[in-house]
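Student: Just a sequence and a predicted model for now, questions to come.
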Amino acid sequence: MSSEIQKNGCGCTSGIRKLVILAQNLGQSFPELLSFSRHAGWNFYPELEALEIMIGNEEKPTDSLVELINFFRGILDDSRLNALRGVWVKSGEAIQDQLVTLIHAGRLVDMAPHDSSDLLDILYHKRIETWFQPVYRVNGEQPWGYECLMRGRNNDGNIISPFELLQWAKQENLIFMLDRICRETHLLNAGAKIPNLEETQVLINFLPSSIYRPEFCLRSTCAAAERAGLQPGNIIFEVIETEHISDIDHLKLILSSYRQLGFKVALDDIGSAFSGLNLLGGLDPDLIKIDRQLIENARDSELHGKICSALVDIGRSRGKQVLAEGIETQEDHDFALSLDVDLVQGYFYGRPSPEPKG
């Protein structure tokens with residue numbers, strides 16, 4: 001067990017991350033970096049030709065990756081800047097024990113293709129919001145549940161989209177912290193705002209890559225659900241970005257941990273790629289969500305329609321509920337009815353909103 005986990009229980013509790021920068025003959029070719037490193041408290045490893053930098057400190061220029069790279073641009077010419085390689089490493093382990101990770105370091109300037117983000121400031125000041133989108137039973141009048149969707153708000157009060165938040169989190173290696181704060185925020189907001197909690201399902205997205213030790217990473221999630229007054233059986237944790245999952249055994253461990261705690265699990269984007277269909281067979285989720293792109297293609301494609309019908313049949317045979325998402329038109333609604341799905345979701349029934357509607 002790493003010292004970081006022993007100390008904090010979960011690495012997602014801190015916005016401080018560890019970056020290692022490498023270059024050939026770093027000690028001789030970059031004297032200004034070594035000089036500044038002594039002032040900034042960075043660690044230099046001459047045997048590895050590597051600098052270890054903690055990102056997320058309060059003092060500049062190490063508040064974010066982009067700011068660090070921009071600082072380097074001010075003191076290095078383009079050729080030497082482009083010679084630097086960088087890689088995120090585990091904070092709780094010595095870099096000498098992470099040589100395989102160091103080998104895979106890429107060009108430092110390619111690690112931050114986006115502008116400097118406000119994400120760490122948003123997370124520290126709890127400016128993550130929950131927007132609720134209703135989910136209905138087919139022909140139901142009241143929402144069966146709500147999917148909780150994240151939005152950010154910057155210091156000027158402007159809304160930051162989920163896509164931008166995720167891009168920033170990947171760039172700054174803050175996926176762990178963003179995902180944890182979103183899970184807890186959604187649970188607390190759902191408990192405070194959703195009517196008829198005892199009869200309503202709460203769907204919350206999560207990234208499997210953000211949960212590296214379920215026994216630690218889910219501890220605060222359980223505490224938030226309890227504070228919100230939510231019953232575990234009414235909470236469905238939904239795996240997103242299924243096409244990026246490479247460690248199936250780790251995902252199985254996460255879903256098993258959720259279920260042992262009484263929660264339900266779902267897979268998003270089923271039908272969007274082979275990986276999603278493969279995961280469906282291996283993970284047996286409690287809720288099957290048919291991808292919106294598949295629904296859209298099924299309007300004009302008999303083959304896509306048969307795939308949708310097959311997913312419904314799989315759900316029926318396993319005793320699972322099936323949800324058609326991305327329903328935006330009357331035509332989509334009629335098609336969902338023809339499929340005999342259990343649940344529907346999309347703009348046709350309600351757009352995401354800061355307050356639960358339905």
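Tutor: Arrived safely. Numbering: from 1, shown residues only.

Student: Show me the shaky parts of the stretch 51-200 of the chain.
Tutor: Along the stretch 51-200 of the chain, segments meeting pLDDT under 70 span 57-61.

Student: please redo it, this time with the cut-off set to 80
Tutor: For the stretch 51-200 of the chain, applying pLDDT under 80 flags the ranges 57-63, 114-116.

Student: now the helices for it?
Tutor: Shown for the stretch 51-200 of the chain, the helices assigned by DSSP state H, counting those that start in this stretch span residues 65-75, 78-83, 99-103, 119-124, 162-172, 175-193.

Student: for the stretch 251-358 of the chain, same thing?
Tutor: Using DSSP H, counting those that start in this stretch, helices in the stretch 251-358 of the chain cover 274-283, 292-298, 302-318, 330-339.

Student: Please compute how far the last one lies from its chain's middle.
Tutor: Which is helix 330-339. Relative to the chain's own centre, helix 330-339 is displaced by 31 Å; criterion: C-alpha atoms, centre = their mean, to the nearest Å.

Student: can I have stretch 193-202 written out in CSV, keeping just the CAs?
Tutor: Backbone C-alpha positions of stretch 193-202 (Å, rounded to 0.1, in the frame of the first residue of the first chain) are rendered in CSV as follows:
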residue,chain,number,x,y,z
LYS,A,193,-33.6,18.5,-4.8
ILE,A,194,-35.2,15.3,-6.1
PRO,A,195,-38.8,14.7,-4.9
ASN,A,196,-40.0,11.3,-3.8
LEU,A,197,-36.5,9.9,-3.2
GLU,A,198,-37.8,6.6,-2.0
GLU,A,199,-39.4,6.0,-5.4
THR,A,200,-36.8,7.6,-7.7
GLN,A,201,-33.6,6.2,-9.3
VAL,A,202,-30.5,8.4,-9.3
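
Student: any idea how far the one residue sitting closest to the centre of the chain is from Arg213?
Tutor: Note on the chain: the residue nearest the mean C-alpha position is Leu207, at 3.8 Å, using C-alpha atoms, centre = their mean. Note on Leu207: its distance to Arg213, by C-beta to C-beta, to the nearest Å, is 15 Å. Any C-beta I mention is one placed from the backbone N, CA and C, and that applies to glycine too.

Student: cool, and Gly305?
Tutor: Distance of Gly305 to Arg213, given as C-beta to C-beta: 42 Å.

Student: So what does the residue nearest to the centre of the chain have for phi and psi?
Tutor: Note on Leu207: its backbone torsions stand at phi -100, psi 120 [degrees, to the nearest 10].

Student: Which residue is the nearest non-sequential neighbour of it?
Tutor: Closest residue to Leu207 apart from its sequence neighbours, by C-beta to C-beta, 6 or more residues apart in numbering: Asp179 at 5.2 Å.

Student: Tyr349 now?
Tutor: The nearest residue in space to Tyr349 (C-beta to C-beta, 6+ apart) is Tyr136, at 5.4 Å.

Student: give the contact list for Val109.
Tutor: Ile69, Leu81, Asn82, Leu84 (C-beta atoms under 8 Å, 6 or more residues apart in numbering).

Student: repeat that for 7 Å
Tutor: Residues in contact with Val109 (C-beta atoms under 7 Å, 6 or more residues apart in numbering) are Ile69, Leu81, Asn82.

Student: who's in contact with the nearest residue to Gly86 once chain neighbours are set aside?
Tutor: Excluding the flanking residues, the one nearest Gly86 by C-beta to C-beta, 6+ apart is Leu108, at 3.7 Å. By C-beta under 7 Å, 6+ apart, Leu108 lies in contact with Ile21, Ile69, Leu84, Arg85, Gly86.

Student: That'll do, ta.
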